[in-house]
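> fold the following, please.
(chains A and B)
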Amino acid sequence: MSVLTEKINAIIKPENLVYSKSPLLNDDSMHYCPGCSHGVVHRLIAEVIDEMGIQEETIGVSPVGCAVFAYNYIDIDWQEAAHGRAPAVATGIKRVMPEKYVFSYQGDGDLAAIGTAETFHAVNRGENIVMIFINNAIYGMTGGQMAPTTLVGQITSTTPHGRNVDLNGYPLKITELLAQLPGAAFVTRQSVQTPAAVRKTKKAIRKAFEIQAQKKGTAFVEVVSTCSSGWKLSPVASNKWMEENMFPQYPLGDLKDTGRADASLYKVKG
Amino acid sequence: MGELRLMKGNEVIAEAAIRCGCDGYFGYPITPQSEVMETLMTLRPWESTGMVVLQAESEIASIHMVYGAAGAGKRVMTSSSSPGISLMAEGISYIAGSELPCVIVNVQRGGPGLGTIQPSQADYNQATKGGGHGDYSLLVLAPASVQEMHDFVILGFELAFKFRNPVMILADGVIGQLMEKVELIDQRPRWTNEQISEISGDWATIGKSKVRKKHVITSLEMDSNMMENNNLRLQAKYNKMKAEEVRYEEINCDDAEYIIVAFGSAARICQKTVQIARRKGVKLGLIRPITLFPFPEKIISGYASRVKGFLSVEFNAGQMVNDIRLAVNGKTRVEYFGRMGGIVPTPDEVEEALEQRFLKEDLCRY
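Residues are numbered from 1 along each chain as shown, chains lettered A, B, ... in the order given. Next up, the predicted model:
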């Protein structure tokens, strides 16, 4: 036995453990590409559900897109939604079981393109659900096509010469728009490219679930994410590209933290 | 005897839903069925039975809300009319593919496109042949009276849970807007959580307890062999429906030389046609399919070797006539008569059509 192995074995002992996998995450290897943000966000959701002790009361709604198989990894009940319809599906579940925790998990194409109507109206109704939004500015599952959040000039398989506003319009800052809706209780934009960012995102997800328990309205957490395969960059280069290009367009931080609006502000007079 | 009332077909859908213990209704306004949600909102069942009623932002959203709530093992429903049902096609396919129970009411209007708000039966093919993508079938009930609008909501939920399959009540603008006497069932309680666990505990996504494996409701399967197995399981279920759930009504068929096949409001008109023809000495009978899927093909093929012809009467361009032809399989003549665009023919018009298509020709032959 080498000196190094001896030293390592001396360290790897149960009493020295400072981190272990959430019991809600199973041992299946994830289908996500190296460098993808989905796995980290899955882990954070699993940790929050476990730490809040709400495994038996939580139902997840997975989207169409890379995260369609989210139900394979987190050990809770799941319902898989049609493309873009997760907020409607989550609404249906929550309305008939208001005592349960319900969250949707969607990518940018799902939430901000095909499901825009469902997204806006669920938030506008102030549905007491958590919405997790993974924004990596590209369609991953279908092979790297333009997303509503794709940046101007960004190359994708359907914008091979870069996104051009004359042809494709502008990147959609849907989170800013949702923060304007009176039904939104908590709207935040986070990322998971550094340990510090991961910790902040976990806090935001935890807060979102707590807001659901308090029935304050919709809690919306965007996670600006990387897609190394779609962007055709290494994981390290993807993080750098995200920080340099995504963050200026999609700045991190809380956009709203007031709870849903007071209905009297909107009421007719007579 | 239950409570008797004079009610509109659309209103009675709402009343029956509340009384049978329905857990939720999700819908979007569209003529000629808006009274369904209006009645529910007026009656406020969330204060009495706890039933949820929600106006969605679109028919797309409402059917996916139904999908979500049905996943919870709850008895949930929606209603719409033709263009709205087209929007729901995606969600209906998902519900069928995921094998969830629900009731969908289509109070049909004329099409295609925006068409008209007048009555029609032009969604027969859409309802009975799936309507959305993939190999699936709905169990389709066709009410011909306000009483049946009531009864089929209750029956619909029973069948939906028996087969874990969406059930469609395929009505039309006539039945939806018609006012008739109806006998209502007494209020039944909604299912308790314990009952739901007992009935749907092996699949519903109601929160994973520590003692069971997680439940996943999905129609997705990437393995072709597994997906084919899923399809075969669905087909076996549809065959079971064909074996067990065919419903129809026969009127004056015993000695009939000619039989009209008609469903819904068309069947009511044809009932009068039978009387008119009989007075003229024509031995006419009527078969009214009550389930459009499963289609009463056996009873029709049984009569095929005995009658001189079938006349399919439909408020469309001739859709059910093809199912009759399949059942008859060339053994006798099958003709079609119908009106479109929201026009409802008179009993005499149908009788004339019968004479034109069969009697004149047959008399010449003798």
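
> drop to CA atoms for contacts and neighbour counts, all remaining ones
OK.

> got the residues of chain B near chain A?
By CA under 8 Å from any CA of the partner chain, the part of chain B that sits against chain A consists of B:23-24, B:52, B:57, B:61-62, B:64-72, B:74, B:90-91, B:94, B:205-210, B:214-219.

> how about a cut-off of 6 Å?
B:61, B:64-65, B:68-69, B:205, B:207-209, B:214-218 (CA under 6 Å from any CA of the partner chain).

> could you turn the buried ones of these into a ChimeraX selection?
Applying 16 or more other CA atoms under 10 Å in any protein chain shown to the residues of chain B next to chain A leaves a buried subset, and the ChimeraX line that selects it is:
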select /B:61,64,65,68,69,205,207,208,214,215,216,217,218
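
> among the residues of chain B next to chain A, name the ones in strands.
B:216-217 (DSSP state E).

> dump the residues of chain B next to chain A into CSV; add pLDDT and distance to B:Trp191 as well.
Formatted as CSV, these follow (pLDDT from 0 to 100; distance: CA to CA, whole Å):
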residue, pLDDT, distance to B:Trp191
B:Ala61, 98, 25
B:His64, 98, 22
B:Met65, 98, 19
B:Gly68, 98, 17
B:Ala69, 98, 14
B:Thr205, 98, 16
B:Gly207, 96, 17
B:Lys208, 96, 20
B:Ser209, 91, 20
B:Lys214, 97, 22
B:His215, 98, 20
B:Val216, 98, 22
B:Ile217, 98, 21
B:Thr218, 98, 24
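
> which of the residues of chain B next to chain A sit farthest apart?
The largest separation in the residues of chain B next to chain A, counting by CA to CA, is between B:Ala61 and B:Ser209 at 29.3 Å.

> where does B:Gly134 land in three-state SS?
coil (DSSP: H, G, I helix; E, B strand; the rest coil).

> how about it, nearest residue that isn't a chain neighbour?
Closest residue to B:Gly134 apart from its sequence neighbours, by CA to CA, 6 or more residues apart in numbering or on different chains: B:Ser93 at 7.2 Å.

> give me the number of residues near that neighbour?
Using other CA atoms under 10 Å in any protein chain shown, B:Ser93 has 23 other residues around it.

> kindly report the same for A:Gly126.
Neighbours of A:Gly126 (other CA under 10 Å): 22.

> in contact with the nearest residue to it once chain neighbours are set aside, which residues?
Closest residue to A:Gly126 in three dimensions, ignoring its sequence neighbours and counting by CA to CA, 6+ apart: A:Gly183, at 3.6 Å. For A:Gly183, the contacting residues are A:123-126, A:217, A:260, by CA atoms under 6 Å, 6 or more residues apart in numbering or on different chains.

> what residues does the helix or strand encompassing A:Arg206 touch?
Secondary structure assignment for A:Arg206, by DSSP states H and E: helix A:195-213. With contacts defined as CA under 6 Å, 6+ apart, helix A:195-213 is touched by A:44, A:48, A:128-129, A:190-192, A:219.

> try it again at 8 Å.
With CA atoms under 8 Å, 6 or more residues apart in numbering or on different chains as the test, helix A:195-213 has contacts from A:40, A:44-45, A:48, A:101, A:128-130, A:185-186, A:188, A:190-192, A:217-221, A:223.
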